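Engineer: Fold the following for me, if possible:
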Amino acid sequence: MRWPDEEDDWYRFSDERRRGRARAWLADAGYRPKVPDATAR
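Structural biologist: Have a look, this model is predicted:
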């Protein structure tokens, strides 16, 4: 590739979009992130 910096940017962008779609799909399916209990230390 002629522009290696742009290639890296593209893959970061693409990966984040993919993660975002996965998070949205999980949220639509009723899954919620587990929030650590602050008092459990």
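
Engineer: so where does residue 17 fall, helix or strand?
Structural biologist: For residue 17, the host element (DSSP states H and E) is helix 4-28.

Engineer: Report the distance from that helix to the chain centre.
Structural biologist: Here the centre of helix 4-28 is set off from its chain's centre by 6 Å, with CA atoms, centre = their mean, to the nearest Å.

Engineer: Just the buried positions in it, please.
Structural biologist: Within helix 4-28, not a single residue qualifies as buried, counting by 16 or more other CB atoms under 10 Å. (Each C-beta comes from the backbone N, C-alpha and C, glycine too.)

Engineer: Share the number of residues neighbouring residue 29, please.
Structural biologist: A count of nearby residues for residue 29, using other CB atoms under 10 Å, gives 7.

Engineer: and the spatially most central residue of the chain, how far is that from residue 36?
Structural biologist: Nearest to the mean C-alpha position of the chain, by CA atoms, centre = their mean, lies residue 19 at 3.3 Å. For residue 19, the distance to residue 36 equals 20 Å [CB to CB, to the nearest Å].

Engineer: First-to-last residue distance for stretch 26-33?
Structural biologist: 9 Å (CA to CA, to the nearest Å).

Engineer: on that earlier part again, now do the contacts for the residue nearest to the centre of the chain.
Structural biologist: If a contact means CB atoms under 8 Å, 6 or more residues apart in numbering, then residue 19 has no contacts.

Engineer: tell me the pLDDT at it?
Structural biologist: At residue 19, the pLDDT value in this model is 96.

Engineer: could you give the mean pLDDT of stretch 22-37?
Structural biologist: According to the model, stretch 22-37 has a mean pLDDT of 91.

Engineer: Pull the distance from that stretch to the chain's centre.
Structural biologist: 12 Å.

Engineer: Could you work out the end-to-end span of that stretch for me?
Structural biologist: By CA to CA, one end of stretch 22-37 lies 25 Å from the other end.

Engineer: Also stretch 26-38?
Structural biologist: Start-to-end, stretch 26-38 (CA to CA) is 24 Å.

Engineer: and for that stretch, what are the contacting residues?
Structural biologist: By CB under 8 Å, 6+ apart, stretch 26-38 touches no other residue.
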